[in-house]
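Asker: Return a 3D structure for these sequence lines:
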Amino acid sequence: MKAPRFVSLCLIPTLALLAACAGDDRSGEQPFKPTVITFDTYVQTGDSILLTGQVAATPNSAVTACGFVYWNDTLKANKRANETTEIFQAHTDSLGEGTYSFAAYATNGMGTSYGDTLTFEKH
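Answerer: Residues are numbered from 1 along each chain as shown. Below you'll find the model as predicted:
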């Protein structure tokens, strides 16, 4: 008679506790700045360039902004993407001919990260 009582008092609550702990509980993990990728593909559309980037990861903190910084010897500019999606794009302002550097960026609650710096040639 003691065996059924043991099962109900000890084993059933233990099994219920184990079942409640199943799954990916990430609440204890630290948030980090996003991981950003600058794509080396770009499209010239008239006087501007369409740039593409990716937020590869944003651990435990939502992306609040993303876009691109671009520059040359005489210009430094920032263009924010319209949407904060995993893959994002933005057009530069009208540019003159020359070589420009650019990098994708993303911001979350922990700060801003940048992808690799790449270059394009505007013709």
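Asker: show me what contacts residue 77?
Answerer: Residues near residue 77 by CB atoms under 8 Å, 6 or more residues apart in numbering: 69, 70, 71, 92, 93. Every C-beta, even on glycine, is put in place using the N, C-alpha and C of the backbone.
Asker: Now rank these by neighbours and give me the top one.
Answerer: residue 70 (24 neighbours; other CB atoms under 10 Å).
Asker: can I assume that one is in contact with residue 102?
Answerer: Yes: at 3.9 Å, residue 70 counts as touching residue 102 under the criterion of CB atoms under 8 Å.
Asker: Between these two, which contacts overlap?
Answerer: When contacts are counted by CB under 8 Å, 6+ apart, residue 70 and residue 102 are jointly contacted by 51, 92.
Asker: Of the contacts of residue 77, just say which sits nearest to residue 114.
Answerer: The closest of the contacts of residue 77 to residue 114 turns out to be residue 69 (CB to CB; 7.4 Å).
Asker: Tell me the helices and strands packed up against the strand or helix carrying that closest one.
Answerer: Taking DSSP states H and E as the definition, residue 69 sits inside strand 63-71. Packed against strand 63-71 by the contact rule (3 or more CB pairs under 8 Å, 6 or more residues apart in numbering; DSSP states H and E) you find strand 48-57, strand 76-80, strand 87-91, strand 98-108.
Asker: The second one pairs with which strands, parallel or anti?
Answerer: Looking at strand 76-80 with DSSP bridges, its partner strands are strand 63-71 (antiparallel).
Asker: angle of the partner strand against strand 98-108?
Answerer: 160 degrees (axes from the mean of the first three to the mean of the last three CA atoms, to 10 degrees).
Asker: quick check: mean pLDDT across strand 63-71?
Answerer: Computed over strand 63-71, the mean pLDDT rounds to 98.
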